[in-house]
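Participant: Next comes the sequence, and after it the predicted model I'd like to discuss.
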Amino acid sequence: MADPFNGVVTAATVYGKVVEVGERVAGVDHKVEKVDEKVTGMVARVDDHEVRIRVLEVARWPHAKLTLLIAASGLVVSLLAVGIGVFVNRGG
């Protein structure tokens, strides 16, 4: 790699490079702040969408527990009917 200072480094040269690096860091910091603002906004929108989806799910299946209870009751009645049928057929 070629020597950018031609072998001579002065305090002014070092200061100039430090100022240049500082300006670049400030530019990157500004960009990071913009990205952080965008990400924060996206998180808020995702949370809002999740709430909306939950509301839609509740509206779509308002009686899920009731449906499960009816299905379980049907199973119990069927098992009882089979059990009673077996008991009657045996002459009990």
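Facilitator: That came in fine, so what should we check first?
Participant: For the spatially most central residue of the chain, give its distance to Tyr15.
Facilitator: Centroid-nearest residue in the chain, with C-alpha atoms, centre = their mean: Val46, separated by 7.5 Å. Noted for Val46: a distance of 46 Å to Tyr15, by C-beta to C-beta, to the nearest Å. Where you see a C-beta, it was placed from the backbone N, CA and C, and this is true even at glycine.
Participant: in which helix or strand would I find Glu50?
Facilitator: helix 11-60 (DSSP states H and E).
Participant: can you tell me how far Tyr15 sits from Glu33?
Facilitator: Look at Tyr15 and Glu33: by C-beta to C-beta, they are 27 Å apart.
Participant: what about the protein, any weak spots by pLDDT?
Facilitator: 1, 4-5, 61-62, 87, 91-92 (pLDDT under 70).
Participant: Domain ranges for it, per the record?
Facilitator: 9-60, 62-92 (automatic domain parsing).
Participant: Can you name the element that comes right after the helix holding Glu50?
Facilitator: Next helix or strand after helix 11-60 toward the C-terminus (DSSP H and E): helix 64-89.
Participant: Now do that following helix against helix 11-60, angle only.
Facilitator: Here helix 64-89 points in a direction 40 degrees away from that of helix 11-60 (axes from the mean of the first three to the mean of the last three C-alpha atoms, to 10 degrees).
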